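A.B. asks: Sequence plus predicted model, see below.
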Protein chains: 2
Amino acid sequence: MIGIGIDIGATNTKIIAITKTGKLLKEFRLRTLPGKGCSKFIRKLSEIIKTWKSEYGRNLKSIGIGVAGDIDPEKGIIRFSPNLGWRNINIVKPIEKVTNLKCFVENDANMAAWGAFVFDLNRKSKNVITITLGTGIGSGIIINGQLYHGSTGSAGEVGHTKIFSNGERCSCGAYGCLEAYIGSYAIIKRAKKSIKNLKAFINKYSLNFPKKLNTICIKNAADNNDKTALKIWLETGLMLGQGLANAILILNPDCLVFTGGVSKASKYILKGVKHIFFKQKIVTPFKHLKIIVSKTADLGSIGAALYGIEHTK
Amino acid sequence: MIGIGIDIGATNTKIIAITKTGKLLKEFRLRTLPGKGCSKFIRKLSEIIKTWKSEYGRNLKSIGIGVAGDIDPEKGIIRFSPNLGWRNINIVKPIEKVTNLKCFVENDANMAAWGAFVFDLNRKSKNVITITLGTGIGSGIIINGQLYHGSTGSAGEVGHTKIFSNGERCSCGAYGCLEAYIGSYAIIKRAKKSIKNLKAFINKYSLNFPKKLNTICIKNAADNNDKTALKIWLETGLMLGQGLANAILILNPDCLVFTGGVSKASKYILKGVKHIFFKQKIVTPFKHLKIIVSKTADLGSIGAALYGIEHTK
C-alpha cells in the first residue's frame, strides 16, 4: 500500500510517496505561490498526483495533506491559513474528484504528531504531545493512540496559550502567547538585543551565505560554547517549559516529542524545559513523562502520508 | 442495575445508591475523620456497603469512589490526598474483598465530570471539560465520550496551570496557579481587601450563623447589586477565563460545564469568563463552545455511582 503525503508551506510544497512501512519512494517540491490563488495550485497538485497514480496503479490508495492554520478536517476545508492567506478553501473535494483517491487534510502540526506517533514511537506511547518548533509553534495531540482533533479540528494550539499576562504581541494578534517568546523570530529578536557585537557574532557563527542571524547561527554559537547563545537557548527552554507544563497538567501524556527546525537546538533548549518540569509541585505527571526529539526529517509530509494510509480501507 | 457512589471529603463522606438511570434510592453521610487513619474508615465504609448489598441483592453491581488528590485509577490507589493527609492507600482492593463488588476510584473532579457528561449533557457532547469551583479548582475531561485519565490518572489539573508568572502562592506550593486566584479562600482574601466596611458587609449579606464572610455572602451581595461584590466576581471570572482559555486552546472541547459550590455565583463569574473568550484571536474553538452550569447537586457522588455502573458488565 502506498500513500501520498503533502506538506503545504508558504514558499514550497513538499509531495512524497511512501509505503505503509514508511519507505520513501518519491519526492517532489513545488513552489506554492499562494498569492496566485488556490485554484491553480490545487489543479497543479492534482495533476502531479494523477501522474504518480498512473505510475503506482492500484497500490496508491490515499492522500494526506498538512497545512498550517485553522483546518476543518471533517469537511476537508482550510478555514484560514495565515501563512497562505487562504480562507474557506475546500481542498479535499477537488483533489478527490480529479485523482479518485481518498484525501485527508489536517493542521500540519497534527500530521507531524501522527508521524511522530507511528514513526518515532512505533505507537508505543498512547498519549502524546508533539511540539513543532519553528517560525510558529505547532502542536498535535495523540490520545489513546488516535489523533485528537478536538471538536472543530482546532485542538493542540499550545503555541497560543498564554505564558505571560499582558506580554509580547504574537503574530495571532493576542499578547503573551508562548509563540511570541519562542517562535524563531522571537528568539532572533531576543538574540539581537543580548548579543553585544552582533556583526562579529554573525561573522563567526553563521553558516549561511550571505551570513545572517538565524536560529542555526545561534545554535552553532552554542555548540562553540558561546555564553550569550547558551543563555538565549536556556531562556527559550524555560519559557517553553512553562507553556508545556500547563499542557502536561491538563493532558498528562506519556510522551513529549520535539520536532521542527528549531528542535536542532533541543540539546540546549531541553535544559530549561527540564528545569521547569523538575520544579513542578504536582509531580506525578512529570515524573512519568518521556521526552524525545524526533530523528525524522519532514515529519509533516511523512505523517500526512501515513495518516492517509491509516484512514483508508 | 444499582450502583453505589462515594464522595470522600475531608469532613464528611457521602454515600449514595442510585439506579442506572440516576434515580436516588438511598443516601448516607459518614464523618471521615481522616486523622484517625484510613484502615478504620475503609472498614466502616465496607460494612455500610455490605448492609446495603444485603438490601439490594444482585441488583447492586458496583462502587465508584471520588477522592480529591493524586489518584492511580488503574491500581485503585490514593497516591496522595492533601485534604485527607493519606498517602499510598490501596482503597479498591480491601473494599472489593469485603463487599465482593467491583470498585473504582478516581479523582473527585473526574467523577463529577462523568456525572456532568451523563446526567447534565445526556452524553450529547463528546469532548467536555468540567470545572468544579470550590475550595480547590477541580477539573475532569471527557474525550470521545470517555473519561480521560491521562497516563497516570492525573489529567485535568487545570486548577494548577499558571495564569500569572511569579504570582500568588498556591496550596500546592507553586506560584501563580489558577486555584491561587479563584479558589474560595483566594476569593475571600481578595474580598477582604476590597470591601471597605467589612463588618457592615457581613452583617448585611451573610446568611450564616454566626455571620461570616464566605462566597455565599459575596454572591448574596452581588444579588443585591453591591458594586464591590460584582467587581470581585467579575475579576474572578476574568482570571478563570484566562486559565480556561489555555485549556480550550489545547483541548478544543464542545462543552464546558461548571459545578461546585462557588458555581452558584456563575451568573456573575461567567461575565468575566465570556469577556476573555470573546477577546481570543484564535476564534474557532471559542465560537463553537457551549457553556453550561450543572443543575445537579452532588455531581461527585452521582458521577462516581454512574461511572461504576458504566464500567461493570
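C.D. replies: Now that the structure is in, tell me what you want to look at.
A.B. asks: Could you tell me the angle between the lengthiest helix in chain A and helix B:227-251?
C.D. replies: Counting by DSSP state H, the longest helix found in chain A is helix A:227-251. Angle of helix A:227-251 versus helix B:227-251, following axes from the mean of the first three to the mean of the last three CA atoms, to 10 degrees, is 100 degrees.
A.B. asks: Can you list the buried residues in helix A:227-251?
C.D. replies: For helix A:227-251, a neighbour-count test (16 or more other CB atoms under 10 Å in any protein chain shown) marks A:228-230, A:232-251 as buried. C-beta here means a position set from N, CA and C on the backbone, and glycine is covered the same way.
A.B. asks: now do stretch A:255-271
C.D. replies: So stretch A:255-271, judged by 16+ other CB under 10 Å, has buried residues A:255-266, A:268-271.
A.B. asks: again, but for stretch A:151-163
C.D. replies: In terms of neighbour count (16+ other CB under 10 Å), stretch A:151-163 has its buried residues at A:151-163.
A.B. asks: what do you get for stretch A:294-310?
C.D. replies: Neighbour-count burial for stretch A:294-310 flags A:294, A:296, A:298-310 (criterion: 16+ other CB under 10 Å).
A.B. asks: from the middle of its chain, how far away would the helix or strand in which residue A:47 is found be?
C.D. replies: Assigned by DSSP states H and E, residue A:47 belongs to helix A:38-56. Mean-position distance between helix A:38-56 and its chain equals 24 Å (CA atoms, centre = their mean, to the nearest Å).
A.B. asks: ok, for the residue in the stretch 201-313 of chain A positioned nearest to chain B, nearest residue in space, not its chain neighbours?
C.D. replies: Distances between the stretch 201-313 of chain A and chain B by CB to the nearest CB are smallest at residue A:252, namely 2.5 Å. Spatial nearest neighbour of residue A:252, chain neighbours left out: residue B:150 (2.5 Å); criterion: CB to CB, 6 or more residues apart in numbering or on different chains.
A.B. asks: Three-state assignment for the one you found, please.
C.D. replies: Assigned state for residue B:150: coil (three-state reduction, DSSP: H, G, I helix; E, B strand; the rest coil).
A.B. asks: Then residue A:14?
C.D. replies: strand.
A.B. asks: Would you mind naming what in the stretch 51-200 of chain A lies close to chain B?
C.D. replies: Neighbours of chain B within the stretch 51-200 of chain A, by CB under 8 Å from any CB of the partner chain: A:70, A:79, A:126-127, A:139, A:141, A:143-144, A:146, A:148-158, A:160-165, A:170, A:172-174.
A.B. asks: how about the helices in the stretch 201-313 of chain A?
C.D. replies: A:215-223, A:227-251, A:266-279, A:284-287, A:299-310 (DSSP state H, counting those that start in this stretch).
A.B. asks: Output the residue ranges of the helices in the stretch 1-150 of chain A, listed in chain order.
C.D. replies: With DSSP H, counting those that start in this stretch, the ranges of helices along the stretch 1-150 of chain A come out as A:38-56, A:92-99, A:108-115.
A.B. asks: Next, count neighbours for residue A:167.
C.D. replies: Using other CB atoms under 10 Å in any protein chain shown, residue A:167 has 17 neighbouring residues.
A.B. asks: for it, what are its contacts?
C.D. replies: Contacts for residue A:167 (CB atoms under 8 Å, 6 or more residues apart in numbering or on different chains) come out as A:175-177, A:180-181.
A.B. asks: The residue in the stretch 1-150 of chain A that chain B sits nearest to: neighbour count?
C.D. replies: With CB to the nearest CB, the shortest gap between the stretch 1-150 of chain A and chain B falls at residue A:150, namely 2.5 Å. Neighbourhood size, residue A:150 [other CB under 10 Å]: 24.
A.B. asks: Touching, it and residue A:156? I think so.
C.D. replies: Yes: Residue A:150 is within contact range of residue A:156, at 7.4 Å (criterion: CB atoms under 8 Å).
A.B. asks: Need the residues touching each of those two.
C.D. replies: With CB under 8 Å, 6+ apart, residue A:150 and residue A:156 have common neighbours residue B:252.
A.B. asks: Contacts only, for the closest residue to residue A:41 other than its chain neighbours.
C.D. replies: Among residues not flanking residue A:41 along the chain, residue A:32 sits closest, at 6.5 Å (CB to CB, 6+ apart). Shown in contact with residue A:32 (CB under 8 Å, 6+ apart): A:8-13, A:41, A:84.
A.B. asks: And those, which is closest to residue A:275?
C.D. replies: Among these, residue A:9 lies closest to residue A:275 (CB to CB), at 32.7 Å.
A.B. asks: Leaving out the residues flanking it, which one is nearest to the closest one?
C.D. replies: With sequence-adjacent residues excluded and distances taken as CB to CB, 6+ apart, residue A:9 is closest to residue A:32, at 6.3 Å.
A.B. asks: and that neighbour, what are its phi and psi?
C.D. replies: Geometry field for residue A:32 lists phi and psi as phi -80, psi -40, criterion degrees, to the nearest 10.
A.B. asks: ok, the residue nearest to residue A:41 to residue B:204 distance?
C.D. replies: Plainly put, residue A:32 is 66 Å away from residue B:204 if you go by CB to CB, to the nearest Å.
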